[in-house]
Every structure is written in structure tokens, then in C-alpha cells.
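# kindly return the folded structure for what I paste below:
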Amino acid sequence: MLISPMMRMYCLVVFLLTGFCLSAQENTFKIPDSLKTKSFEELKKQFYNYEYKDLVITQTYAQAMLELALRNNNASQIHQAEHYTARISTSLGKKEKALKFIEKALLHSQEDNDSVYIIKNLYLNGKIYADYGEYEKAIDYYVTVCDLLKNDPDQTKYHMISHNIALIKNQIGDVRNAVERSKKNLHYFQSQGATASHKNIINSYLLLVSAYSKLAIKNQIKPLRKKVYLDSSMIYINESIDKTIQYNDKEAYIILLVSKGINYYELEQYDRSLKNLNEAEQLSNRYNIFVKLPMIHLFQGKVYYNLGQFDNAILYSEKATAASKTYKIDLPYFQEILILLAKSYEQVGDTANAIKYYKLFSKKHEQNDLLKNQNNKSLYEKYDIPSLENKIKSLENKTDEIGTKYKYVKYIAWSLICLLLAFVFFYTKRQYQYKRRFEKLLVQIDTLEKKQQESLQKEDSKSEVDTKVTTKKQPKIADEKVVEILNRLKRFEEKEQFLSNKCTLNYVAKKVKTNSTYFSIVLQKHKKKKFVQYISDLRIEYALQRLKNDSIFRSFDVKSIAKEVGFNTSESFSKAFKKRTGIYPSFFIKNLEKLKVNS
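Predicted coordinates for the structure are as follows:
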């Protein structure tokens, strides 16, 4: 069908306008005419309706909610709209925007004393960090939510958050913690009887199956312990398969069949493994559930390789790669496919493809650390990679000319000479830079000491005035409570309590008699620093002055100095010192000693 020039122009204009609207800032967003008559609750309802169907439309409803809330100047609606904006932003992959709005939502919900949305915002903050792989931050927020929910009469939400923590623990290798949490969660969900959500029960089962399988793989060199863990995994598989049939959960049923097939593979029961994997493949294609298809094909290929059916091993390894690309599923075991293909081609006498896939494996090996993953057997040991590597070298040596060796030797020699010259140049340049930084640092320390002396002399007369000035400049955040916090923080600094190695955010927050969340806000507003940077800078400034003025302190080794100023290790101290000053503490001390000798 031909499209008229007018229609093409219309489509182009619509496309450009749509792109502009999506990229516009919230304060310039205009509610579409069709949404102007909608109430806030109606917009929120439509947000939920489209959230898992169309992200662009969902974003429009979030922006409309925010605009309407701001126009109404309704505090409750504003922090709710900020929450939903953060929520759709992380779904769209906009991490910075998501973090920006969830921070606003959390602050405003706390100001509005909205306990429901405080919990929702803390949870979403954790989810955002989890989505982007920042698992420690995610766990911190999830634990905070659990603390708030632990006395709630309905413990369902508590255990749902605990499940999220267990997922992360399983992901980062703290598998035993994941098992312990999941057992408690499963027990609770099952105790709810008819009111229990089948999804919560199934998810707990799936996590226990995965965790016990991981524990088994971690214990490859301990066959008895490995079998115990695999048996535990099988018990949960069999229990949960009955549940998936009861709840008609086809996707979970397929995942459990795959897990069962993998466990039988680890137990070297290959016929049983293939039976479960083949059934999982058939059901995946029947119900158009492809999330596990690449994994199914990978383990089918591994089973056939161990059975000596190398053509089938190649066939299913290629299927695993194709399924991963077709359905855009990231397969974490891609290196293992490459090795499996290389070894299989070697077995059938196809040397060219064996070399091809081994080289691809080598390239991938440089890009990630699958071989370091404790959850997998050593691929070198498992697939006898050294023999393949020797085979490849032998074949390549036959086609190379002898003169190529000398060319490489010459190239390497010149490269080493160039590297040596570059090292000498950069070392000399760095020493010069460090010397200049040292001289500037001494001037900065003198200036800092003078300011501290002047501050002590004028403290009584100016403290109240300075506080009032600050309060006038920051009317939105610096109230009487902030003044009290800042005064206590000043006393905290004067008493040098920051030198304690137990100086955590909660510890300091208690010292200044507030909670950690509010303290972080005050700190960033008035000190322009996050907590970790604030404490680190105080310690480094203390270390600089004391090293300059205390010859006995200078005689300590770096490790002792680090502990003296509150750092747990010399490495963390040196890193913070270098970041703050541009030079290492050993260089600073060495040049101070030279300066004292010369003077």
C-alpha cells in the first residue's frame, strides 16, 4: 500500500512531538486534553492498568499525576506522584531520574507522615538499586522496610520483602542465608491457608530449589555433601511441582522441570536428565514460554556430549545460542557453550570450527569472570582445555613460517623498550607532581590550622549569629531541629569522635539525636557531602595536621596510623588519603622528614 507524502509528513510530526514530550522536564509537561478532566485517583488507576502493558502510556499518566498534584498543591498527591514517576523511570531504564524522584518521594512522604508511602518508597528505593546490580544498597533499604514491618499484624509484606533479600543473597553467593530466609518465608506463606498467594508460595519454592542446587555445585569436590544438597533440591522440586499443577502455573512448572533435569545431570543420571529437559522444551514451545529455552538447550548439549553423541551436542549448543539471540535472553553460561562447541567439533574431526570456537572462548574469557564463579566447575578441568589449546597451537604452527617467530620477538623487544622508557618518563613526572602537591598541601594545612584557631577564639560570639544566618538562607530545611543537629555535630567534631572505627551513619545520627535518613539530608544540605566522604575528610584532615606536628606519630607505620585515625585497613586509609590530597601517606611522611632534617 502506498503512503501519500501528506501522511508521511503527518507521521513524522507525530513522531517528533512524541519524542519531545517524552524527553521534556516535568515542569513543562502539559496534560493532554483527554486527561484534564481526570481526577488524581482516576489517573493512578490508569497507571496501574498500563504499567505492564505500555510503558510510554504509563509514563504519561505518571507525568499527568505529578502536574495535577503540583497544580493542586496537594502534599499527599505530590509525594505519591513522585513515587510513581520513580517507579516508571526505573522500568524505562532511567536510573538517575528514578533515584532523583524516589529521594523526593521519600522526603515528602516523611514530611507528610504518610507511613504507607514511606514503606512503599523505601521498598522502591531498594528495588531500583537491585535493578541496577547495586545489591548492598538494595539490601540496606529492604532491611529497613522489614524493620518497619516486623510488628505489623499482617506479616505478608514482611515476608515478601524478605524474599527479595533472599533473592539477592542467592545471587551474590550468600546461599545459606538465602536458604534460611526462604524456609521461614515458605513456612509463613503456607500457614496462611486459603488466603495465601500461590505466587508467594511458588516463588519461595523456586528459590529454595535454586539455592540448594548452588550449594551442590559449590561442593563438587565433596560428592557426599553434593548429593545431600541435590537431594534437598529434589525434595523441594517434587513438592512444588504438585503446587504448580494445583495452581496451573505453567511457567513455574517448566522452570522446575529444567531444575530437575540439571540436578539429574549433576548426578550423572543422563537419561532422566534428558527426559525432564525434553519435556520442558516441548512445554516451552507449546505455551510460548521461552525464558528457560536457552538453558534447556545448553544442558541438552552437555548431556549428549557426556553420552558421546557429539553431533547432537553441537546441534543443541547451536540451538542455545540461537534461542538466546531470538528471544533476547541473556545466557550467563555463554562461555560454556563455546567450550562445548569447540570440544564437540574436535571430537568429530572438524579442526577449523574447533579452533574458531576456542578462540571465541578465549576472547570471552578476557571479558568476564565466569571461570572464577564458585558456582561452576572449572571449565579448564571439566573440558580438558589444555589438550585443545595444544592441538590448536600444533595446527597453527604448521601453517606459520619460521620467520614469523623472529618478527614477534623483535616486536616484543621494541615494545618492552618503549614500555620501559614510558615507565621512566611517567615515574619522573609523577614524582614531580607529588612534590608540587606536597608543597601545596603544607600551605593548606597551615591555612586550616589558622582557621581553626580563629574559629575557637570567635566561637562564643559568632556561633549563634552564624546559625541564624544559615537558617535564613535555607528556610526549607534549616529549622530549630537542624540547628540543634549542626551544633551537636560541631561538638562531635571538636571531641574528635570521628576517629572511632565504629563511626557508622547510625552511630553519628544517634550522637546528634536524630535518625539516619534525616541526618543524611542535613549533612548533604549543610556540609555538601555524603556521610562516608564527610567522615573520611575529617579523618584525613586530622591525620595531616598530626603528621605535620607530631614527630612520634610520623614514626608509626601506615597501618598503625590508619587505625589511629579510624580506618580499619591501611589500604582504605591510603586510598582515602590519595583521593583527598593527590599523594600517598608514605610520600607525605617521607617528605615531612626531609623537610625537618633540612630545616
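# number of nearby residues for residue 39?
By other C-beta atoms under 10 Å, the residues close to residue 39 number 9. (Each C-beta comes from the backbone N, C-alpha and C, glycine too.)
# can you tell me the closest non-neighbouring residue to residue 140?
Spatial nearest neighbour of residue 140, excluding adjacent residues (C-beta to C-beta, 6 or more residues apart in numbering): residue 126 at 7.4 Å.
# quick one: the one you found and residue 135 touch, right?
No. Applying C-beta atoms under 8 Å, one finds residue 126 not in contact with residue 135, separated by 9.8 Å.
# pick out whichever of the two has more residues nearby.
residue 126 (26 against 18).
# pLDDT of the one helix or strand the more buried one maps to, averaged?
For residue 126, the host element (DSSP states H and E) is helix 115-131. For helix 115-131, mean pLDDT is 94.
# name the helices or strands packed onto that helix?
On a contact count with 3 or more C-beta pairs under 8 Å, 6 or more residues apart in numbering; DSSP states H and E, helix 115-131 meets helix 75-91, helix 95-111, helix 135-149, helix 156-172.
# so which of those helices comes closest to residue 497?
Between residue 497 and these, the shortest separation by C-beta to C-beta is 23.1 Å, and it involves helix 135-149.
# returning to what we had before: distance between the helix holding residue 126 and the chain's centre?
15 Å (C-alpha atoms, centre = their mean, to the nearest Å).
# again, but for stretch 238-251
Worked out by C-alpha atoms, centre = their mean, stretch 238-251 lies 32 Å from the chain centre.
# buried stuff in that stretch?
Buried residues in stretch 238-251, defined by neighbour count with 16 or more other C-beta atoms under 10 Å: 240, 241, 243, 244, 249, 250.
# gap between the residue nearest to residue 140 and residue 85?
Taking C-beta to C-beta, to the nearest Å as the measure, residue 126 falls 17 Å from residue 85.
# repeat for residue 326
As for residue 326, its distance to residue 85 is 34 Å (criterion: C-beta to C-beta).
# quick one: which of those two has more around it?
Neighbour totals were compared for residue 326 and residue 85, and residue 85 leads with 23 against 11 (other C-beta under 10 Å).
# got the contact list for that one?
26, 62, 63, 65, 66, 97, 101, 105 (C-beta atoms under 8 Å, 6 or more residues apart in numbering).
# let's go with 6 Å and repeat that
Shown in contact with residue 85 (C-beta atoms under 6 Å, 6 or more residues apart in numbering): 62, 66, 101.
# neighbour-wise, which one of those leads?
Counting by other C-beta under 10 Å, top hit in the contacts of residue 85: residue 101 with 28 neighbours.
# assign residue 546 to helix, strand or coil.
helix (DSSP: H, G, I helix; E, B strand; the rest coil).
# just give the nearest non-adjacent residue to it, would you?
Take residue 546 and drop its neighbours on the chain: the residue closest to it by C-beta to C-beta, 6+ apart is residue 553, 5.1 Å away.
# what helix or strand does the one you found sit in?
With DSSP H and E as the test, residue 553 turns up in helix 551-554.
# what comes up buried for that helix?
Those would be 553, 554, for helix 551-554 by 16+ other C-beta under 10 Å.
# show me the protein divided up by domain.
Domain assignment of the chain by automatic domain parsing yields the ranges 290-399, 435-598.
# out of those, deepest packed?
domain 290-399 (a mean of 17; mean count of other C-beta atoms under 10 Å).
# quick revisit: wait, which of the contacts of residue 85 is closest to residue 312?
Nearest to residue 312 out of the contacts of residue 85 is residue 62 (C-beta to C-beta; 50.2 Å).
# picking that back up, tell me the confidence at the residue nearest to residue 546?
90.
# about what we covered before: residues in contact with the helix holding residue 553?
Residues outside helix 551-554 that contact it (C-beta under 6 Å, 6+ apart): 546, 547, 589.
# immediately after that helix, which helix or strand?
Toward the C-terminus, helix 551-554 is succeeded by helix 558-564 as the next helix or strand (DSSP H and E).
# against which helices or strands is that next one packed?
Packed against helix 558-564, as judged by 3 or more C-beta pairs under 6 Å, 6 or more residues apart in numbering; DSSP states H and E, are the following elements: helix 570-581.
# what's the mean pLDDT across the helix it packs on?
91.
# and if you look at stretch 47-63?
Averaging pLDDT along stretch 47-63 yields 91.
# any idea how far it is from the chain center?
With C-alpha atoms, centre = their mean as the basis, stretch 47-63 stands 26 Å off its chain's centre.
# got it, and stretch 566-585?
For stretch 566-585, the distance to the chain centre is 25 Å (C-alpha atoms, centre = their mean).
# same thing with stretch 215-235?
Stretch 215-235 has its C-alpha centroid displaced from the chain centroid by 28 Å (C-alpha atoms, centre = their mean).
# show me what counts as buried in that stretch.
215, 216, 217, 218, 219, 220, 226, 229, 230, 232, 233, 234.
# for stretch 79-91, same thing?
79, 80, 81, 82, 83, 84, 85, 86, 87, 88, 89, 90.
# do the same with stretch 136-145
Going by 16+ other C-beta under 10 Å, stretch 136-145 has these buried residues: 138, 139, 141, 142, 144, 145.
# one step back: need the residues that contact the helix holding residue 126.
Contacts to helix 115-131, defined as C-beta under 6 Å, 6+ apart, come from residues 83, 87, 90, 98, 102, 105-106, 109-110, 137-138, 141-142, 144-145, 148.
# 7 Å - rerun?
79-80, 83, 86-87, 90, 95, 98-99, 102, 105-106, 109-110, 137-138, 141-142, 144-145, 148-149, 161, 168 (C-beta atoms under 7 Å, 6 or more residues apart in numbering).
# next, residue 113: secondary structure please.
Three-state assignment for residue 113 (three-state DSSP): coil.
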